[in-house]
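Asker: Kindly return the folded structure for what I paste below:
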Amino acid sequence: MKTRFTAAMGIAAAGVLFTGMLAGCGTTDAESNEALARAEASARPTPEPTMTLRPCPGGESLRIDPAGGYVSIAPGCFDQAVAEAIAEFPEPLPAGIEWRIELRNFSDPSSGTQQGGISIQDGVQDTTVAGYWLCAWMDSYLQALDSGDAAGQDHSMEYLAKYTSLPSTQEFMVNPEVFDASVIAPAQAGDPAQLREYFKGSCSSFRRSAESSR
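Answerer: Numbering: from 1, shown residues only. Below is the predicted model:
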């Protein structure tokens, strides 16, 4: 840790050294904030999905894909992989919103796209959860915007601004800075048009889930 010294003219060298020693022994704001964040995270209950989950055959959601040799989600286990991703997700949903991610296209035999016939790479479950979270906060932001709730807009934007720094976004999203510049930054500057369009085009699953829970 580097200590920054600032001394006015005329202060003796011993006084400067003593000041530096005191600074080195204290706790920085960053360290205090990190400790507070850890305490808040540990006090928060582990989030749980509220949608119906299908059992995972064998209990292990991941496997080494027999065709490609990479880690993929075991057939029939996408539901469990999503539940695990929700439990590990670092940020909360807006108040009153539950985890209701649509999973039938991946693991419902009646959909005609059983996972036994396709290979889903490990990480899809994380981006799916992050995408649902993003749409939830976009919905919260737009509702606050349309009702003239400035405080609600600011609160929602605090979370929206975190999206590109989420671990799954950092690992899997191509050019997250472009998303920030084209969607988040304009809304922060008072122009939510692109954010609204993104929500309309990319959050249809969230909208259906939110409507069915009301």
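Asker: from here on, contacts and neighbour counts on C-alpha atoms
Answerer: Will do.
Asker: where along this protein do the strands fall?
Answerer: 62-64, 71-73 (DSSP state E).
Asker: Name the stretch among those that sits most buried.
Answerer: strand 71-73 (a mean of 21; mean count of other CA atoms under 10 Å).
Asker: Could you point out the longest helix of this protein?
Answerer: helix 124-146 (DSSP state H).
Asker: what comes up buried for stretch 136-144?
Answerer: Buried positions in stretch 136-144, judged by neighbour count with 16 or more other CA atoms under 10 Å: 136-142, 144.
Asker: Give me the mean pLDDT for it.
Answerer: Stretch 136-144 comes out with an average pLDDT of 97.
Asker: now the helices: where do they sit in this structure?
Answerer: 13-25, 29-43, 78-88, 104-107, 124-146, 150-160, 167-172, 176-179, 185-188, 193-202, 204-212.
Asker: In CSV: the strands of the chain, plus mean pLDDT and distance to Gly201.
Answerer: Listed next are those as CSV, based on pLDDT from 0 to 100; distance: least, CA to CA, whole Å:
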stretch, mean pLDDT, distance to Gly201
strand 62-64, 80, 31
strand 71-73, 82, 27
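Asker: Need those strands in TSV (columns: distance to Asp122).
Answerer: Formatted as TSV, the strands of the chain follow (distance: least, CA to CA, whole Å):
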stretch	distance to Asp122
strand 62-64	7
strand 71-73	5
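Asker: what's the distance between the residue lying closest to Gln125 once chain neighbours are set aside and Trp99?
Answerer: Nearest residue to Gln125, sequence neighbours excluded (CA to CA, 6 or more residues apart in numbering): Val82, at 5.0 Å. Val82 is 10 Å from Trp99, where distance means CA to CA, to the nearest Å.
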